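S.K.: build me a structure from this.
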Amino acid sequence: MTRTKAKSDPAPPPKTGKARSADGDRPGVPTMSDVARLAGVSPMTVSRVMNGDPNVRQSTRRKVDEAVAALNYVPNQAARRLAGARAIRVGFLYSNPSAGYLSEFLVGLLNQASLHNVQLVVENCEGERWEAQTRRLIDNGVDGIILPPPLCDTPGLIDLIDAAGMPAVTVACGQPDERVGAVSIDDYQAAYDMTCHLVALGHQRIGFIVGHPNQTASARRLAGFKAAIADQGAESAPELLVQGRFTYRSGLDAAEILLGLEQRPTAIFASNDDMAAATVAIAHRLGLDVPGDLTVAGFDDTALATTIWPELTTVRQPITQMAETAVQFLVRHIRGRREGTDEGPQHVVMEFALIRRQSDAAPRRRPKR
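M.R.: Numbers count the residues shown, from 1 in each chain. As a prediction, this is how the structure comes out:
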């Protein structure tokens, strides 16, 4: 579902007897605003229809087409080509420790950058350097900024961007901010569904490796896990929850804790694939068979999920597609501002999927001693 924060149509120009158009000065001819007014939609919607946007509803497209025909509206192609030809500079701030996640994210950015004449300006914001790096991007004249996790969860950063009047899109933020665009999934439901799947296999004692504490998505996934455990009547114990930080190293430490318990879990659900892969490594070191002795599940479905053995059962978060959508939203927002048809930030929640591979199975039944 897409939620768009729309702005009202711009005020009509002074009545001088000559119509002014967002497509250029063309006295005496209908304008995009005229088409929008007759169709009962915004000028941005008219622009999207004229540009063949597949996400416009068929009923809306029909109203716009009828208004275009009734007014005999012909857009100024030269002006449109000029607006489209002007390059857009997009800043990309990152500090994600997961190489697999960052790689897939960059693929999505580069795919769309080549299609939309976008120049990417990439800045690494490790630690607390985000303020200086963001100000540098703004001072250097970027047109918009894309924020992946964990930077999408930094309120001060959103405040800084908003104060500068800079368009921005956050990706994979647990609680999107209305001031900027957002592309996300339902982390709570995804974790809930995976946990229910593990319980359905027969697991009652399930360990959970929590994501980085500075990301709202981590809290949402933990909440989904806890809710499913309660709803399914599985075992709930504090020692089954171990803090991670979305890194492979933190996954090794967390898995050692869980598999060192006197009564170890029969399944471990990690909040991302890096930590799940680390869990598999620790299980192998301890001589445990995956999935015979231990089921392991991850989250994200990065390339790592299919490059380890056994391949990971995981939640597929469409990272590449989310990055592509972020570029599309930002380009639409920036060009809308240039053309006077801006409808403001857009928010969309994309679909996730549970991907079952070789790392999960029913718990092995052993005779009691």
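
S.K.: what kind of secondary structure is the closest residue to A39 other than its chain neighbours in?
M.R.: Nearest residue to A39 in three dimensions, chain neighbours excluded: A67, at 4.0 Å (Cβ to Cβ, 6 or more residues apart in numbering). (Glycine included, C-beta is placed from N, CA and C.) What DSSP: H, G, I helix; E, B strand; the rest coil gives for A67 is helix.

S.K.: for Q215, see how far away A67 is.
M.R.: Computed as Cβ to Cβ, to the nearest Å, the A67 to Q215 distance reads 45 Å.

S.K.: ok, now N111?
M.R.: From N111 to Q215 the distance is 25 Å (Cβ to Cβ).

S.K.: between the two, tell me which one has more neighbours.
M.R.: A direct count of neighbours by other Cβ atoms under 10 Å for N111 and Q215 places Q215 higher, at 24 against 15.

S.K.: OK, contacts around the more buried one?
M.R.: 149-150, 153, 174, 246 (Cβ atoms under 8 Å, 6 or more residues apart in numbering).

S.K.: relative to R364, how far out is it?
M.R.: Applying Cβ to Cβ, the value for Q215 to R364 is 34 Å.

S.K.: do P176 as well
M.R.: 42 Å.

S.K.: which one's more surrounded, the two?
M.R.: Counted by other Cβ under 10 Å, P176 and R364 do not tie: P176 has more neighbours, with 23 against 13.

S.K.: am I right that the more buried one sits in a strand?
M.R.: No: per three-state DSSP, P176 lies outside any strand segment and is coil.

S.K.: got a pLDDT number for it?
M.R.: pLDDT, P176: 84.

S.K.: got the contact list for it?
M.R.: Listed by Cβ under 8 Å, 6+ apart, the contact set of P176 reads 170, 182, 184, 347.

S.K.: got a winner among those for most neighbours?
M.R.: In terms of neighbours by other Cβ under 10 Å, the contacts of P176 top out with T170 at 29 neighbours.

S.K.: how much space separates that one from S184?
M.R.: Remark: distance between T170 and S184 (Cβ to Cβ) = 8 Å.

S.K.: any idea which helix or strand of this structure has the worst average confidence?
M.R.: Lowest by mean pLDDT, DSSP states H and E among the helices and strands of the chain is strand 20-21, with a mean of 36.

S.K.: pLDDT weak spots in the stretch 101-250 of the chain?
M.R.: 127-128 (pLDDT under 70).

S.K.: do a quick rundown of the helices in it.
M.R.: 130-139, 155-163, 187-200, 216-232, 248-259 (DSSP state H, counting those that start in this stretch).

S.K.: now the ones you listed as a markdown table including distance to V118?
M.R.: Putting the helices of the stretch 101-250 of the chain into a markdown table (distance: least, Cβ to Cβ, whole Å) gives the following:
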| stretch | distance to V118 |
| --- | --- |
| helix 130-139 | 14 |
| helix 155-163 | 18 |
| helix 187-200 | 28 |
| helix 216-232 | 26 |
| helix 248-259 | 32 |
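
S.K.: how near is F208 to N117?
M.R.: Using Cβ to Cβ, we find F208 at a distance of 44 Å from N117.

S.K.: find the nearest non-adjacent residue to K63, please.
M.R.: Using Cβ to Cβ, 6+ apart and skipping the chain neighbours, the partner closest in space to K63 is A39 (4.4 Å).

S.K.: now the one you found: how far from D187?
M.R.: According to Cβ to Cβ, A39 and D187 sit 38 Å apart.

S.K.: looking at the two, which is more packed in?
M.R.: More crowded of A39 and D187, by other Cβ under 10 Å: D187, with 27 against 22.
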